[in-house]
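1. coords please:
(2 chains)
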Amino acid sequence: MIEFTPRKIQSSFWAILSPIISIAITILIGSLIFKILSYPVIESLYQVFVSPFSRPDRIADIFVKACPLIIIGLGLIFCFKANIWNIGAEGQFILGALCAGSFALLFPETKTYMLLFSMFIIGFAGGAIWASIPAILKVRLNVNEILVSLMLVYVAMLFIDFIVRGPLRDPMSFGFPLSKVYPDGAIISKVDFPFIGYLGQFHYGIFIILILCPLIWFFINKTLPGFQIKIFGSSTRASEFAGFNKNKITFYVLLVSGGLSGVAGVIEVSANMGRLQPEVSFGYGFTAIIVAFLGRLNPYGVVIAGIIIATAKLGADNAQMVLGIPKVVTGIFEGMLLFFLLASETIQKYKISIRKDN
Amino acid sequence: MENLLITILLTSIPILLAGLGELVTEKSGVLNLGVEGMMLCGAVAALGSVLIFGNPYIGILFGAVAGILISTVFSFFTITLMTNQVATGLGLTIFATALTGLIGEPFVGKTAASLPKLEIIFLSDIPYLGKILFSNDILVYFAIFLIFFIHFGFQNTKIGIIIRAVGDNHDSAHSIGYSVKLVRWISTSFGGMCAGMGGAYIPLALTPHWSEGMTAGKGWIALALVVFASWMPIRLLIGALIFGGITILQFVAQARGWDVPSQFLNMLPYLATILALALISFKLKQNNYAPTCLGKHFLGNK
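-> Okay, the predicted model is just below:
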């Protein structure tokens, strides 16, 4: 009989160690899967985890790929800390991109970056409004936010598909579902490094993480609302006794998380696509959930986690090209990683001992 | 009209089966958000086995077994290792979506044999009703049977009452001597089996070929339906039929040439789910039907 005794003190050493162990186990089982599918194990692992570091422009592209994951993940920290399950970041991302994009297309020929600045605000609002639907339903009617936020992902996907094929389609696109190209003022340009020039797709939008990450760390760890979120998430009863406003916390964490997903959408489209298309996100909203957990809901952890997951994603692309391994395997790894991370949380919370039954 | 009603019934079967399974799982106090993933596993296993063996009944079997197997992953983590049920269920869906994408890749473009219609003698000759109700494939009959089986099971059998006890107050159930974790394992496996069969029904009766993520949110709708039905099997049937009807509406609209963009019609099932959850919340506010221990861990030390 396995016995679980709650620990009084949770070791912070284990908190850092557990993601590393989880990754190690995932790689171990991953190798086994490669073996079963009869792909060369060492070569596969090399492609997935090492090949993205093999050239400077590839390294730069890791950051490009990690950028939306990190920004969405940073927003999800708020929700998950408060024990609110926003799993609709994918939809909020799309809405952010769509609102900001539609706005940009209203002002063709604009060169000033004021346009880009407004797009950030509109994108944030778009994501936040999309997240406010589950938020309002949760606060007013106690409707499950998980299901509502997820249903809205499907709705958002269909909605952008309609917009890009219908009202915003570029008449010159030869029947392709593409909008017109953004005006110059709405494009996030690539970084021209001194002496080196452009590195991959590395763009200025990535630098927003340098501002967001410490800001969010400060907010969560050093301010009263941040403290309230943490207490609310770990014990609803305690936070009720302390007189914290339950509805307010629920509402705002969803709004902030949706808003940041929206901003991620703005950056992704303005930097990498330059126009709207039916598919603006490639599961970033769902992958970011894993990123948030892998980063242990710590802003700096999320940045590192985002880079790790982005590496594996790019590595999987390489593995598909070189070895023909289907790209979907990353999803299998992501799922397993989440399982092991959650299991290590149990070890952190409880002392596990094996007792003989009489 | 007859055909329309039959199509609605058939479309609702995957959600109905998966919902019935999840209902039993939730009654025992486990919230398994991996229904979508389990349905995909059932679908790919059914399709693969039919392509190999050529017999659609084998497909049902493989779908059910695949559902059970994948649900044990969930049970192991949430019940034995006490991980967070919401996150684990989500992980299960991410995992299973990718896994089935990998397994299903060789099946793309191949067509599987469909389940044959079984006409029940005499009854199928009743005008109108006979054709709608009594000349269907085996899983339709099974789903209808399951509704009543679960309904009476929870009301009148010992095992049903044990499951409810475990879901409503696991400490009391434990102190009378029932193994909370075992009951939850079994209930979750039953949920996995039903979701697997619900998933299997999609390639076996509705769209006979594989596409990645072919359940298209049906698992999530099934989850919502359990809440909508306030954990009552018979209401689940009504809910599933409504959703079947809404899904069919898009085809009707296309056939009649309504001037509505197809994307908006495709949104309807998802929007209806949100609306249904909002409407039912008024009722749940007055009387909460949810199992009291839903989503709570059981340490089981004493």
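
2. Show the contacting residues for residue 161.
-> The chain I'm using is chain A. A:P177, A:P278, B:Q263 (C-beta atoms under 8 Å, 6 or more residues apart in numbering or on different chains). C-betas here are computed from N, CA, C, even on glycine.

3. that's the wrong chain, I wanted chain B
-> B:F154.

4. quick one: it from chain A, how far?
-> B:I161 sits at a distance of 26 Å from chain A (criterion: C-beta to the nearest C-beta, to the nearest Å).

5. That residue should be in a helix, yeah?
-> Yes: when classified by DSSP: H, G, I helix; E, B strand; the rest coil, B:I161 is found to be part of a helix.

6. sorry, back to before: now go through the contacts of A:D161 and say which are in helices.
-> Using DSSP state H, the subset of those located in helices is B:Q263.

7. Report how many residues lie close to B:I159.
-> 12 (other C-beta atoms under 10 Å in any protein chain shown).

8. pLDDT value on the nearest residue to it once chain neighbours are set aside, please?
-> Distances taken as C-beta to C-beta, 6 or more residues apart in numbering or on different chains put B:G153 closest to B:I159, at 7.0 Å, once the chain neighbours are dropped. The per-residue pLDDT reported for B:G153 equals 90.

9. What's the local residue count around B:G153?
-> The local packing of B:G153 (other C-beta under 10 Å) involves 19 other residues.

10. That one sits in which helix or strand?
-> Under the criterion of DSSP states H and E, B:G153 resides in helix B:138-156.

11. packing partners for that helix?
-> Judged by 3 or more C-beta pairs under 8 Å, 6 or more residues apart in numbering or on different chains; DSSP states H and E, helix B:138-156 is in contact with helix B:2-27, helix B:56-75, helix B:158-168, helix B:180-201, helix B:233-256.

12. That one: which residues count as buried?
-> Using 16 or more other C-beta atoms under 10 Å in any protein chain shown as the burial criterion, the residues of helix B:138-156 that qualify are B:L139, B:V140, B:F142, B:A143, B:I144, B:L146, B:I147, B:I150, B:H151, B:G153, B:F154.

13. Wondering if stretch A:221-235 reaches chain B at all.
-> No: with C-beta under 8 Å from any C-beta of the partner chain as the criterion, chain B is not reached by stretch A:221-235; the gap is at least 11.8 Å.

14. sorry, back to before: export the helices and strands packed on helix B:138-156 as CSV, with columns for distance to B:L223 and mean pLDDT.
-> Below are the helices and strands packed on helix B:138-156 laid out as CSV (distance: least, C-beta to C-beta, whole Å; pLDDT from 0 to 100):
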stretch, distance to B:L223, mean pLDDT
helix B:2-27, 6, 89
helix B:56-75, 14, 92
helix B:158-168, 16, 87
helix B:180-201, 10, 92
helix B:233-256, 12, 86
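
15. Name the stretch among those helices that sits most buried.
-> Of the helices and strands packed on helix B:138-156, the one with the most neighbours on average (mean count of other C-beta atoms under 10 Å in any protein chain shown) is helix B:180-201, at a mean of 27.

16. Which of the helices or strands spans A:F202?
-> Of the helices and strands defined by DSSP H and E, A:F202 is found in strand A:197-203.

17. and the next element down the chain from that strand?
-> Next element after strand A:197-203 (DSSP H and E): helix A:208-222.

18. elements contacting that next one?
-> Secondary-structure packing of helix A:208-222 (3+ C-beta pairs under 8 Å, 6+ apart): helix A:56-81, helix A:224-234, helix A:246-268, helix A:299-323.

19. can you put the ones you listed in TSV and add distance to A:G197?
-> As requested, these are exported to TSV (distance: least, C-beta to C-beta, whole Å):
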stretch	distance to A:G197
helix A:56-81	10
helix A:224-234	41
helix A:246-268	22
helix A:299-323	21
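
20. Nearest to B:T247 among these would be which one?
-> Among those, helix A:246-268 comes nearest to B:T247, with 27.8 Å by C-beta to C-beta.

21. residues of the closest one that come out buried?
-> Neighbour counts over helix A:246-268 (16+ other C-beta under 10 Å) mark A:249-268 as buried.

22. picking up where we left off before, which of the helices and strands packed on helix A:208-222 comes out lowest on mean pLDDT?
-> Set side by side, these give their lowest mean pLDDT on helix A:224-234, at a mean of 85.

23. Any buried residues in that helix, and which?
-> Residues of helix A:224-234 classed as buried: A:G226, A:Q228, A:I229, A:K230, A:I231, A:F232, A:G233 (neighbour count, 16+ other C-beta under 10 Å).

24. Between helix A:208-222 and that helix, find me the angle.
-> Relative orientation of helix A:224-234 and helix A:208-222, computed by axes from the mean of the first three to the mean of the last three C-alpha atoms, to 10 degrees: 70 degrees.

25. Please enumerate residues in contact with helix A:224-234?
-> For helix A:224-234, with C-beta under 8 Å, 6+ apart as the criterion, the contacting residues are A:78, A:80-84, A:219-220, A:238-239, A:242, A:244, A:246, A:249, A:252-253.

26. Counting by contacts, list what the strand holding A:F202 packs against.
-> If you count contacts as 3+ C-beta pairs under 8 Å, 6+ apart, strand A:197-203 packs onto helix A:56-81, strand A:190-193.

27. The longest one versus strand A:197-203: what angle between them?
-> Using the same axes, to 10 degrees, one finds that helix A:56-81 and strand A:197-203 are set 20 degrees apart in direction.

28. Any idea how far helix A:56-81 is from the middle of the chain?
-> Between the mean C-alpha location of helix A:56-81 and the chain-wide mean there is a distance of 6 Å, by C-alpha atoms, centre = their mean, to the nearest Å.

29. Tell me where the model's unsure across chain A.
-> A:1-2, A:10-11, A:355-358 (pLDDT under 70).

30. Scan it for its longest helix.
-> With DSSP H applied, the helix covering the greatest number of residues in chain A is identified as helix A:114-141.

31. buried set for that helix?
-> Of the residues in helix A:114-141, those buried under the neighbour-count criterion (16+ other C-beta under 10 Å) are A:115-116, A:118-139.

32. most packed of the helices and strands packed on strand A:197-203?
-> The most buried one of the helices and strands packed on strand A:197-203 (mean count of other C-beta under 10 Å) is helix A:56-81, showing a mean of 25.

33. Can you confirm whether it lies near chain B?
-> No: using C-beta under 8 Å from any C-beta, helix A:56-81 stays clear of chain B, coming no nearer than 8.6 Å.

34. Would you mind naming what in the stretch 151-300 of chain A lies close to chain B?
-> Taking C-beta under 8 Å from any C-beta as the criterion, the neighbours of chain B within the stretch 151-300 of chain A are A:151-152, A:154-155, A:158-159, A:161-162, A:165-166, A:286, A:289-290, A:293.

35. average model confidence for stretch B:202-219?
-> On average, the pLDDT along stretch B:202-219 is 85.

36. One more: stretch B:109-127?
-> If you average the pLDDT over stretch B:109-127, you get 73.

37. what's the answer for stretch B:85-95, then?
-> Per-residue confidence for stretch B:85-95 averages out to 90 on the pLDDT scale.

38. who's in contact with that stretch?
-> With contact meaning C-beta under 8 Å, 6+ apart, stretch B:85-95 is reached by A:85, A:87, A:146, A:286, A:289-290, A:293, A:331-332, A:334-336, A:338-339, A:342, B:30-38, B:70, B:73-74, B:77-78, B:219, B:295.

39. between the helices and strands packed on helix B:138-156, which gets nearest to A:A60?
-> Ranking the helices and strands packed on helix B:138-156 by proximity to A:A60 (C-beta to C-beta) places helix B:56-75 first, at 37.4 Å.
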